[in-house]
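In: what's the 3D shape of this:
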Amino acid sequence: MKNINMGAHRTIVPSDQKEIYIFAIGESLRYDNVSLNGKYHRSTTPRLEAKESNIMISDDYFSQACLTMYSVPQLITRATPDNYELNYAERSIVEPFRECGFNVFTVVSNTNLLSYEKYLSDGVDSLIIVPNVVKDGKILSGDKTMIHIVDSLVQHHDKLFIMMQFLGNHSFFTNYEKEFELYNPNSNNCSADMVRDSTMLINAYDNSILYTDYILSSIIEKIDRPNTTSAFIFVSDHGESIGHGGARHGGNCAPVICEYHVPFIFWWSDSYNFLYADKVSNAQSHKQAKLNGDNIYYTLYDLADIQLSEQYNNLAWSVLSSSFIEHKRLILVPDGVTCIHPDAQ
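Out: Model prediction:
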């Protein structure tokens, strides 16, 4: 893969402005519980919703797998459920940005895939692994540390692409600080015999989403700067099934929709909208389109108005492109071979 050149080039380069693009991967966050969708009865994402004039969430985005080890490689490479091996043959999305002169970084929780499958970050300036440290119930290091890392990188680089992966909302939903414990009782503070009660679990899950809302909105605020063209895309690697007796994701070869219907969130700065109003308009017009992880790689390089040589280019799968068309969605199940057709179920 080191010898591959994707022929990345640009026709429009913002002058006298910083450029910052971030792709963030969440963990186990399902669409249904994100109130940015306008449908959930609880306000779990109030900070993101406050940015309503510059943010959108896709209504119909599916993950390509319900297991992190298969989902993430397909998000950041051109691999698909029916051609998974491609993720070993080419560098990830960092390559087009690197070829166009961006400083490229991966920032990841030490418990998550990008911290140990390091081939996926091959070619970055630095792989920054963030430890998760909790003492006396207080998070000393974790997802919130990434806010400060982003701030530091933004201050030191003028052309920047950051790929991130959070600890996020993985069961059993302990990744939040006390000030975000709005929904009670929950599985973190109830009696032992109630820990796996579905109501207790959902309360804890929604608390963890409030914390994710704080993390994502804080990162956006770090890149929403004067004289800066910036944009942020977030998707979750997969969802979560929460019911009486526990929560599950991952090793399920017959997943239900909440395990693969996940949020795809796009935020753009005013400067980005001024320069690329057509891309923003195209994304908004595709809000209800059938999307999945196949679309991410092509959307990300299109985000920075990067074009690739013909053999790698596929703007028909970019959500930001006027050439976008829907395609058949597949989900790779945990045997690593079998694909299911979620739209046929």
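
In: low-confidence ranges in the chain?
Out: 250, 345 (pLDDT under 70).

In: can you pull out the helices in it?
Out: For the chain, the helices defined by DSSP state H occupy 46-49, 68-76, 94-99, 145-156, 198-223, 270-275, 277-285, 294-303.

In: quickly compare the ones you listed and say which is most buried.
Out: Most buried of the helices of the chain, by mean neighbour count (mean count of other C-beta atoms under 10 Å): helix 294-303, with a mean of 25. Where C-beta positions appear, they are placed from N, C-alpha and C, glycine not excepted.

In: C339 pairs with what?
Out: L332 (DSSP bridges).

In: in this structure it contacts Y84, no?
Out: No. If you go by C-beta atoms under 8 Å, C339 and Y84 don't touch, sitting 9.4 Å apart.

In: burial count for D193?
Out: By other C-beta atoms under 10 Å, 7 other residues sit near D193.

In: against Y183, how distant is the nearest residue to L86 once chain neighbours are set aside?
Out: Excluding its sequence neighbours, the residue lying closest to L86 (C-beta to C-beta, 6 or more residues apart in numbering) is A79, at 4.2 Å. As judged by C-beta to C-beta, to the nearest Å, A79 and Y183 stand 37 Å apart.

In: out of the two, which sits in the busier spot?
Out: Remark: of A79 and Y183, A79 carries more neighbours, 24 against 18, as counted by other C-beta under 10 Å.

In: so who does that one touch?
Out: By C-beta atoms under 8 Å, 6 or more residues apart in numbering, the contact set of A79 is P73, E85, L86, N87.

In: if we use 7 Å, what do you get?
Out: P73, L86, N87 (C-beta atoms under 7 Å, 6 or more residues apart in numbering).

In: how far away is the residue sitting furthest away from the middle of the chain from I242?
Out: Going by C-alpha atoms, centre = their mean, the residue of the chain most distant from its centre is D193, 34.5 Å out. Counting by C-beta to C-beta, the gap from D193 to I242 is 18 Å.

In: try F166
Out: 19 Å.

In: so which of those two has more stuff around it?
Out: Comparing F166 with I242 by neighbour count (other C-beta under 10 Å), the higher total belongs to F166, at 28 against 23.

In: among the helices of the chain, single out whichever gets nearest to A344.
Out: For the helices of the chain, proximity to A344 was assessed by C-beta to C-beta; helix 294-303 is nearest, at 16.8 Å.

In: closest one of the contacts of A79 to I57?
Out: Using C-beta to C-beta, the shortest approach to I57 within these belongs to P73, at 23.9 Å.

In: picking up where we left off before, now the common contact residues for C339 and Y84.
Out: With C-beta under 7 Å, 6+ apart as the test, C339 and Y84 both reach L332.

In: looking at these two, which one has more neighbours?
Out: A side-by-side neighbour count of C339 and Y84, using other C-beta under 10 Å, places Y84 first with 19 against 16.

In: list the contacts of that one.
Out: Neighbouring residues of Y84 by C-beta under 7 Å, 6+ apart: L332, G336.

In: what about 8 Å?
Out: Applying C-beta under 8 Å, 6+ apart to Y84 gives the contacts Y70, P73, Q74, L332, G336.

In: okay, these in TSV with distance to A316 next?
Out: TSV is the format used below for those (distance: C-beta to C-beta, whole Å):
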residue	distance to A316
Y70	24
P73	22
Q74	18
L332	21
G336	27
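
In: how many residues are close by N54?
Out: Burial measure for N54: 17 neighbouring residues, criterion other C-beta under 10 Å.

In: list the residues that contact it.
Out: By C-beta under 8 Å, 6+ apart, the contact set of N54 is W267, W268, S269, D270, N273.

In: one more time with 6 Å
Out: Counting by C-beta atoms under 6 Å, 6 or more residues apart in numbering, N54 touches W267, W268.
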